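# okay, predicted coordinates and the sequence, questions at the end:
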Number of protein chains: 2
Amino acid sequence: MRTRKTATKSLACKVRITAITDTMQVLSGKWKIHILGALLQGGKMRFMDLLREIDGIAAKMLSKELQDLEMNQLITRTVVDTKPITVEYEVTEYGKTMEPIIDEIANWGVFYRNRLHGKAD
Amino acid sequence: MRTRKTATKSLACKVRITAITDTMQVLSGKWKIHILGALLQGGKMRFMDLLREIDGIAAKMLSKELQDLEMNQLITRTVVDTKPITVEYEVTEYGKTMEPIIDEIANWGVFYRNRLHGKAD
DNA sequence: TGCATTAGTTACCAATTGGAAACTAGTTTC
DNA sequence: GAAACTAGTTTCCAATTGGTAACTAATGCA
């Protein structure tokens, strides 16, 4: 008889799975990480700034993803009474807690590219 | 005149965006992170182990995601000549470099839950 | 008057994702 | 001989995702 591996069946593992699912849901979609990344580096940015800076995103997607991020309190949306009205988006303190994740993901991606090119193994 | 934010237009930012895109592609889909998580904690595991441990996954998905992970060299697949033949999956050394990402994601998820329940802000 | 800019919204469409269930195929146990 | 366990594969379907392009609405500028 073989000892069955029950790694994910312990309480700790279930908590972990839930935690991972939660985070991935908050970051779901093609663009949220990039929007956060841009705002983390650029500070306060306007809608058109983001539209221009994030390569390939369409207004519809940007608008929708910004709403999601705002709902999750990772960013704030502030209407500025300029003429042409402008809207400023900014990462909240809470949103900044995402930075380590984004950094790890970016680091791994660099590592991945180096491995592909640098050497076969 | 206003200085345009060009955060993501620098070379460093483009590299970062590519890096993030790469990593997210390697981890794409609903299940890869959970499969890696299970294998990182459980060590060597068989197909049916994973099917049972990862709550909700169907054989089709598990099979497909395992193939993707193997193609990216994050895991190995070893056929063991037992009777009923069994197949063992294991995280490679390279695959283990994903651990910091998965840990950060799991940590953030726990933090997120605590914030939701513990206090409004 | 007409065009540009601001920040979006809307409608429509195509591709991808993922789930359920049935099926294959070899071996072993009752 | 039938059922069960191994590791999948196949088919078919539904929902989600995301893209294009056009449109709104207010304001400023030539």
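Thanks, I have the structure now. As the structure is a prediction and not an experimental result, all values here were calculated from the model.
# find the centremost residue of chain A, please.
residue A:33 (2.5 Å; Cα atoms, centre = their mean).
# helix, strand or coil: sort out it for me.
helix (DSSP: H, G, I helix; E, B strand; the rest coil).
# that one against residue A:102, yeah?
Yes - contact criterion Cβ atoms under 8 Å: residue A:33 and residue A:102 qualify, at 6.1 Å. Every residue, glycine included, has its C-beta placed from N, CA and C.
# and for those two, which residues touch both?
Common neighbours of residue A:33 and residue A:102 (criterion: Cβ atoms under 8 Å, 6 or more residues apart in numbering or on different chains): residue B:20.
# got phi/psi on residue A:76?
Per-residue torsions, residue A:76: phi -120, psi 150 (degrees, to the nearest 10).
# who does it bridge with?
Applying DSSP bridges to residue A:76 yields these beta-bridge partners: residue A:90.
# and it, how far from residue A:87?
10 Å (Cβ to Cβ, to the nearest Å).
# how about the residue nearest to the centre of chain A, what does it touch?
So residue A:33 contacts A:27, A:102, A:105, B:20, B:24 (Cβ under 8 Å, 6+ apart).
# if you set the cut-off to 10 Å instead, what comes out?
Taking Cβ atoms under 10 Å, 6 or more residues apart in numbering or on different chains, we find residue A:33 in contact with A:27, A:65, A:98, A:101-102, A:105-106, B:17, B:20-21, B:23-24.
# of those residues, keep whichever come out buried.
A:27, A:65, A:98, A:101-102, A:105-106, B:17, B:20-21, B:23 (16 or more other Cβ atoms under 10 Å in any protein chain shown).
# let's see which of the residues you listed end up in strands.
Among the buried ones among the contacts of residue A:33, the subset assigned to strands under DSSP state E is empty.
# out of those, which comes closest to DNA strand D?
Nearest to DNA strand D out of those is residue A:65 (Cβ to the nearest atom of the strand; 7.6 Å).
# give me the pLDDT value at the closest one.
With respect to pLDDT, residue A:65 has a value of 98.
# please report how far the residue nearest to it when sequence neighbours are not counted lies from DNA strand D.
Nearest non-adjacent residue to residue A:65, counting by Cβ to Cβ, 6 or more residues apart in numbering or on different chains: residue A:31, 4.8 Å away. Distance of residue A:31 to DNA strand D, given as Cβ to the nearest atom of the strand, to the nearest Å: 7 Å.
# does residue A:60 belong to a helix or a strand, and which?
Using DSSP states H and E, residue A:60 falls within helix A:59-71.
# output the contacting helices and strands for that helix.
helix A:11-26, helix A:32-42, helix A:47-53, strand A:75-80, strand A:86-91 (3 or more Cβ pairs under 10 Å, 6 or more residues apart in numbering or on different chains; DSSP states H and E).
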